[in-house]
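Student: Provide a 3D model corresponding to the input given below.
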Amino acid sequence: MQHRTHLEYLLHAAMLQVVPEIVSDCIYHWKNQGHSGDPDRTTLVDHLLHKVGPERFLDYCEQFPSYAPASPLFFLLYNSATPGSLVKKISLNASHFHPTRRLELVEEGDNHIVVEDVFFTGPPPLPADDLFVSSTLKAILQEYGCRGIQVEWEAVRSKNLQSILQSISIHPLAIEQFTRWRYRWEGVERSCRIDGMDEFCLEKINATESLPTDSLLFRLQRLLSGDLSRRPSIEETAAKLEITSRTLQRKLMAKGTSYCQLHNELRIKAAEKLLISTNMNLAEISRFSGYSDSAHLCREFQKKYRMTPRNFRRLYLSNNNSQ
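Tutor: Residues are numbered from 1 along each chain as shown. Presented below is the predicted three-dimensional model:
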């Protein structure tokens with residue numbers, strides 16, 4: 001199975017919610033071309049663009065972060081000091097977004113940033129790729145806290161993209177080697193940055209990287225980690241893995257675990273990391289790691305460690321400071 005970036009996984013999951021019939025059609029054509037696994041990001045967005053047209057396509061992409069599963073990738077971005085540093089994180093962690101492209105911050109002011117999309121190898125990005133990046137980045141900046149945000153297309157990399165934009169009354173200033181946007185906003189409203197959250201998010205994103213991308217455990221952990229706030233039924237999860245629930249149970253038993261046990265381990269590992277690497281309170285940690293409330297979190301810690309989460313944090317800090 002071909003490697004898929006974390007962003008591609010999120011896009012596929014979001015599109016399954018919003019336009020499942022288009023995803024099914026895309027998968028049908030993808031497999032007819034001899035590919036295995038899920039379509040890559042370019043194939044998904046290009047198929048969507050041709051099915052719905054550029055105006056609706058931009059609207060869909062702007063909704064993408066809202067429909068995607070809760071992901072540490074978004075928490076990583078939202079935990080940025082400025083909109084400019086958010087874009088720099090995308091560039092620094094490019095492997096989770098796209099294998100051959102990255103965003104470059106070329107200018108930053110109090111109420112604007114200028115961002116350039118750069119590609120290094122392979123064929124140039126399709127128009128659908130640039131439209132997706134533009135609208136999705138706008139949505140991420142809105143979620144971050146930028147209010148009254150506007151996007152100006154300063155340059156595009158092809159006449160084809162220029163023609164598509166002009167058909168919906170967007171007029172880029174120039175055709176250049178890279179696509180470039182200017183994002184402006186009226187103000188920024190956001191909560192404070194949380195120390196330690198970046199390290200936690202990156203570790204969580206990379207948690208399954210040591211597993212083969214076609215392994216059942218990799219796919220299952222990625223599905224469950226996407227949104228720890230709920231535990232889908234084993235039947236629902238097995239259907240997404242394209243196997244029966246009985247087969248899933250049997251394979252997990254062979255690895256010495258179970259569906260319920262695996263989900264609980266993912267939640268408590270998330271809580272453990274947040275306790276030792278951030279200054280979040282118990283209520284915030286409970287919500288982030290999927291527990292109904294802090295009392296539930298405390299019960300799980302008592303079972304595993306015979307101590308409360310606060311004592312776990314205090315003991316860790318005490319041991320760490322004494323070294």
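
Student: can we go C-alpha only for contacts and neighbour counts from here?
Tutor: Will do.

Student: Where do the helices of the stretch 201-323 of the chain begin and end?
Tutor: With DSSP state H, counting those that start in this stretch as the criterion, the stretch 201-323 of the chain has helices at 216-225, 234-240, 245-254, 259-277, 282-289, 294-305, 309-322.

Student: Who are the packing partners of the helix or strand containing residue 161?
Tutor: Residue 161 is part of helix 159-166, with elements assigned from DSSP states H and E. Helix 159-166 sits against no helix or strand, with contacts defined as 3 or more CA pairs under 8 Å, 6 or more residues apart in numbering; DSSP states H and E.

Student: Switch the helices of the stretch 201-323 of the chain over to a markdown table; also include mean neighbour count and distance to residue 29.
Tutor: As requested, those are exported to a markdown table (neighbours: other CA atoms under 10 Å; distance: least, CA to CA, whole Å):
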| stretch | mean neighbour count | distance to residue 29 |
| --- | --- | --- |
| helix 216-225 | 18 | 23 |
| helix 234-240 | 15 | 19 |
| helix 245-254 | 14 | 28 |
| helix 259-277 | 18 | 33 |
| helix 282-289 | 19 | 38 |
| helix 294-305 | 15 | 45 |
| helix 309-322 | 13 | 50 |
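
Student: now for the ones you listed, which one comes closest to residue 139?
Tutor: helix 282-289 (21.3 Å; CA to CA).

Student: So in the protein, where's the weakest helix or strand by average pLDDT?
Tutor: Least confident helix or strand of the chain, by mean pLDDT, DSSP states H and E, is helix 197-205 with a mean of 70.

Student: Low-confidence ranges, the protein, go.
Tutor: 1-3, 70, 121-122, 191-197, 200, 203-214, 226-227, 229-230, 319-323 (pLDDT under 70).

Student: is it possible to export the helices of the stretch 201-323 of the chain to a markdown table including distance to residue 21?
Tutor: Formatted as a markdown table, the helices of the stretch 201-323 of the chain follow (distance: least, CA to CA, whole Å):
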| stretch | distance to residue 21 |
| --- | --- |
| helix 216-225 | 21 |
| helix 234-240 | 15 |
| helix 245-254 | 24 |
| helix 259-277 | 29 |
| helix 282-289 | 31 |
| helix 294-305 | 39 |
| helix 309-322 | 45 |
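
Student: Those: which one's closest to residue 88?
Tutor: Closest among the helices of the stretch 201-323 of the chain, using CA to CA: helix 259-277, at 22.1 Å.

Student: Tell me the spatial nearest neighbour of residue 119, not counting adjacent residues.
Tutor: residue 101 (4.2 Å; CA to CA, 6 or more residues apart in numbering).

Student: residues touching the one you found, list them.
Tutor: When contacts are counted by CA atoms under 8 Å, 6 or more residues apart in numbering, residue 101 touches 94, 117, 118, 119, 120.
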